[in-house]
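Undergrad: with the input below, show me the fold.
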Amino acid sequence: MNVKKISLYLLIATLLFTGCRNDDDVAPTLSEEDRLKAAVWQIMQRWYFWKDQMPDVNPDDYPNAGALLNALRYTRYDTWSFMQTEQVFDQLYEAGQYAGYGFSLKWDENNELRVAFVYKASPAYEAGMRRGAQVYKINNNDVRSITDFGAALGASQVGRSATFEFDGPDGEVITENIAQAVVTMNTVLKRDVFDVSGKKIAYLAFNSFLETSRDELQEAFAYFSAQGATELILDVRYNGGGRLGVAQYLAGLIASPALQDKLLVETNHNSEQQDENKAFLIENTSEGLTSISRMIVIATGGSASASEVMINGMRPYMPVKVVGSDTYGKPVGQYGFRFEGFIIGPVCFEVRNADLQADYFDGIPADAYVKDDLSRDFGDPEELCTAEAIHYLINGSFSDTPEGRIGRSQQKLIELKGFQREIGAL
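TA: This is a model prediction of the structure:
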C-alpha cells in the first residue's frame with residue numbers, strides 16, 4: 001500500500017510539511033473498496049489521536065471505508081475525521097474554490113433564517129442574495145420545516161439547482177432558481193480603518209485560512225499600514241479554519257517584530273507518534289503592522305480551528321479579548337493521507353500554545369456576549385459586535401448597555417455535514 005501523508009491542521013487547516021509512507025502489507029488482489037478500508041484501518045491504528053479510546057470493531061462488518069472511519073471515531077469529541085476525493089480537497093485548499101451556491105445561512109434570535117455571508121464570485125451573489133436577507137422557502141418548502149439542509153439542497157455538484165424565496169437587496173421578495181457553480185472564495189470579506197477619538201482602528205473580516213488568502217491578507221495589511229492603524233479588530237465570526245501556515249502568516253502580520261519567530265502553537269500526538277510533534281512559529285515578515293499590542297476578536301460558534309489558534313496562540317504575548325459568543329471548540333488537527341485518489345483525514349494531534357493550553361473543546365469563552373447583528377454588513381461600525389469592540393478599544397472596558405447583549409447561548413449557523421463542514425458554506 002502506497003500512502004502519501006500530507007499534514008493538515010483541519011481545525012480546518014493544512015500544515016506545511018509533506019512526507020510519504022509506504023506499506024506493503026495490503027494484498028494487491030483486494031478490491032478497490034477493501035484496499036481503501038485497509039488503508040483507513042492501518043492509518044487509524046497508527047496515527048489517530050484518541051487511539052486508546054477507539055471502539056473495538058471488526059472492519060468486515062462495514063460496507064465501505066467511510067462507514068469504517070465513522071465507526072472508529074471517538075465520538076465524545078471527534079466529529080471531524082473525514083474522507084474526500086483528492087480533487088475536491090485540493091480545489092478548496094489550493095485554489096480556494098468549491099462547487100456550491102456561495103452563501104451561508106444562520107438562524108437569528110427570532111428563529112428567522114438569514115443569510116450570514118455571500119461570496120462575491122458566486123451564483124447566490126449574482127441572484128441578489130446579501131448578508132442579512134431573510135430566506136423563506138427552499139424548493140417551495142418553508143425553511144422552518146427543513147431539518148437537514150444538506151439533503152434539501154442536494155450534493156455539491158456543478159449544475160444542480162434549487163429554488164429560493166428570499167429578500168432581495170431592495171427589500172422585495174425574490175423567488176429564484178439558482179444553479180450551483182464553481183465558487184471562488186474571497187476570504188477577506190471586508191477590510192477598513194475606523195478613525196475614532198483619535199485612534200486608527202483596523203478592521204478585518206476574514207473567513208477562511210486558505211493558500212489563496214495570503215495575497216488578500218497582504219493587501220489588507222498594506223492598506224492598514226498606509227492608513228496608520230494602531231489597533232486591530234479581527235472578525236472571524238464564521239471562519240471555520242484553514243491552513244495553519246496561513247495562521248502563522250497572519251500572526252506575523254499582527255505581531256510586533258519582537259514577537260516574530262516565537263511559538264504560535266505546537267502539536268502533540270498520540271504516545272506512539274511523539275517524534276512527530278512540531279513547533280509552528282509566528283512568521284517573520286516585514287509586511288504587517290508593528291504597533292499592535294492587543295487584539296479584539298469577533299467570534300461565534302462558527303469560529304473554529306485556525307481561528308481559535310489566533311486567539312489561543314497569541315494570548316501568551318498580548319491581551320486578546322473575544323466579543324460575540326463562545327467559539328466552536330476544536331483544539332485538534334488532522335493529517336491528510338493520500339490513497340488511490342482519496343484523502344483520509346483522521347484527527348492526529350492536539351494543538352497547544354506557548355503556555356501549553358489546549359483544552360477548549362467547549363469553545364473559548366467570550367469576554368463580552370453580543371449578538372451577531374445580521375441587520376448590518378461587515379465593517380459597519382454600528383453593527384453590534386463591531387461597536388462593542390470599538391468601545392473597548394477606546395475606553396478600555398466593555399459597555400454597560402444591554403443592547404445586543406446575549407447570554408452564553410448562541411445564535412446557530414445551520415448544521416453542515418461531511419466535507420461541506422470544512423468549506424463552511426453551501
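Undergrad: following the helix or strand harbouring Thr163 in sequence, what is the next regular element?
TA: Using DSSP states H and E, Thr163 maps to strand 161-167. Per DSSP H and E, strand 161-167 leads on to strand 173-179 as the next helix or strand towards the C-terminus.
Undergrad: from the contact counts, what lies against the helix or strand following that following strand?
TA: Next helix or strand after strand 173-179 toward the C-terminus (DSSP H and E): strand 181-184. Helices and strands touching strand 181-184, by 3 or more Cβ pairs under 8 Å, 6 or more residues apart in numbering; DSSP states H and E, are strand 97-100. In this view, the C-beta of every residue, glycine as well, is placed from N, C-alpha and C.
Undergrad: partner strands of the strand it packs on and their direction?
TA: If you go by DSSP bridges, strand 97-100 pairs up with strand 181-184 (antiparallel).
Undergrad: so how far is the helix or strand just after the partner strand off the chain centroid?
TA: Scanning forward in sequence from strand 181-184 by DSSP H and E, the next helix or strand is strand 188-196. Centroid separation for strand 188-196 versus its chain: 21 Å, with Cα atoms, centre = their mean, to the nearest Å.
Undergrad: buried set for strand 188-196?
TA: Buried residues in strand 188-196, counting neighbours by 16 or more other Cβ atoms under 10 Å, are found at Val188, Leu189, Lys190, Arg191, Asp192, Val193, Phe194.
Undergrad: quick one: neighbours of the residue nearest to the first one when sequence neighbours are not counted, just the number.
TA: This means Val188. Of all residues not flanking Val188 in the chain, Glu216 sits nearest, at 4.2 Å (Cβ to Cβ, 6 or more residues apart in numbering). The number of residues packed around Glu216, counting by other Cβ atoms under 10 Å, is 20.
Undergrad: what separates Glu216 from Arg191, distance-wise?
TA: Glu216 sits 9 Å away from Arg191, going by Cβ to Cβ, to the nearest Å.
Undergrad: Asp275 too?
TA: Taken as Cβ to Cβ, the span from Asp275 to Arg191 is 41 Å.
Undergrad: tell me who's in contact with the residue lying closest to Ile364 once chain neighbours are set aside.
TA: Closest residue to Ile364 apart from its sequence neighbours, by Cβ to Cβ, 6+ apart: Thr327 at 4.4 Å. When contacts are counted by Cβ atoms under 8 Å, 6 or more residues apart in numbering, Thr327 touches Ala299, Thr300, Gly301, Ser303, Ala304, Ser307, Glu308, Ile311, Tyr360, Gly363, Ile364.
Undergrad: of those, which belong to helices?
TA: Ser307, Glu308, Ile311 (DSSP state H).
Undergrad: which residues touch the first one?
TA: This means Ser307. Leu11, Phe209, Val236, Asn239, Gly240, Gly241, Val297, Ala299, Thr327.
Undergrad: distance check, it against Asn70.
TA: Distance from Ser307 to Asn70, by Cβ to Cβ: 26 Å.
Undergrad: scan the contacts of Thr327 and report the most crowded one.
TA: Among the contacts of Thr327, Ser307 has the most neighbours (other Cβ under 10 Å), with 33 neighbours.
Undergrad: the contacts of Thr327: which two are farthest apart?
TA: Comparing all pairs in the contacts of Thr327 by Cβ to Cβ, the longest separation belongs to Thr300 and Tyr360, at 14.8 Å.
Undergrad: shaky segments in the stretch 201-350 of the chain?
TA: Of all residues in the stretch 201-350 of the chain, none has pLDDT under 70.
Undergrad: and the helices in it?
TA: Taking DSSP state H, counting those that start in this stretch as the test, the helices found in the stretch 201-350 of the chain are 213-226, 244-254, 306-314.
Undergrad: now for the second one, which elements pack on it?
TA: Contacting helix 244-254 under the criterion 3+ Cβ pairs under 8 Å, 6+ apart are the following elements: strand 14-22, helix 213-226, strand 263-269, strand 279-281, helix 306-314.
Undergrad: mind running it again at 6 Å?
TA: helix 213-226 (3 or more Cβ pairs under 6 Å, 6 or more residues apart in numbering; DSSP states H and E).
Undergrad: buried residues in the helix it packs on?
TA: Neighbour-count burial for helix 213-226, counted by 16+ other Cβ under 10 Å, picks out Ser213, Arg214, Glu216, Leu217, Ala220, Phe221, Phe224, Ser225.
Undergrad: Ala133: which of these is nearest?
TA: Closest to Ala133 out of the buried residues of helix 213-226 is Glu216 (24.4 Å), distances taken as Cβ to Cβ.
Undergrad: check the secondary structure at Phe49 for me.
TA: Following DSSP: H, G, I helix; E, B strand; the rest coil, we place Phe49 in the coil state.
Undergrad: what's the closest non-adjacent residue to it?
TA: Per Cβ to Cβ, 6+ apart, closest to Phe49 is Val347, 4.9 Å.
Undergrad: what is the neighbour count of that neighbour?
TA: Look at Val347: counted by other Cβ under 10 Å, it has 25 neighbours.
Undergrad: same thing with Ala279?
TA: 11.
Undergrad: ok, what's across the strand from it?
TA: Beta-bridge partners, per DSSP bridges, of Ala279: Glu266.
Undergrad: that one touches Thr267, doesn't it?
TA: No - counting by Cβ atoms under 6 Å, Ala279 sits too far from Thr267 to count as a contact (8.2 Å).
Undergrad: adding distance to Gln420, write the ones in helices among the contacts of Thr327 out as a markdown table.
TA: Converted to a markdown table, the ones in helices among the contacts of Thr327 look like this (distance: Cβ to Cβ, whole Å):
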| residue | distance to Gln420 |
| --- | --- |
| Ser307 | 18 |
| Glu308 | 20 |
| Ile311 | 25 |
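Undergrad: nearest to Lys120, of those?
TA: Scanning those for proximity to Lys120, where the rule is Cβ to Cβ, the winner is Ser307, at 21.1 Å.
Undergrad: just list whatever residues bridge to Ala299.
TA: Bridge pairing for Ala299 - DSSP bridges - gives Gly324.
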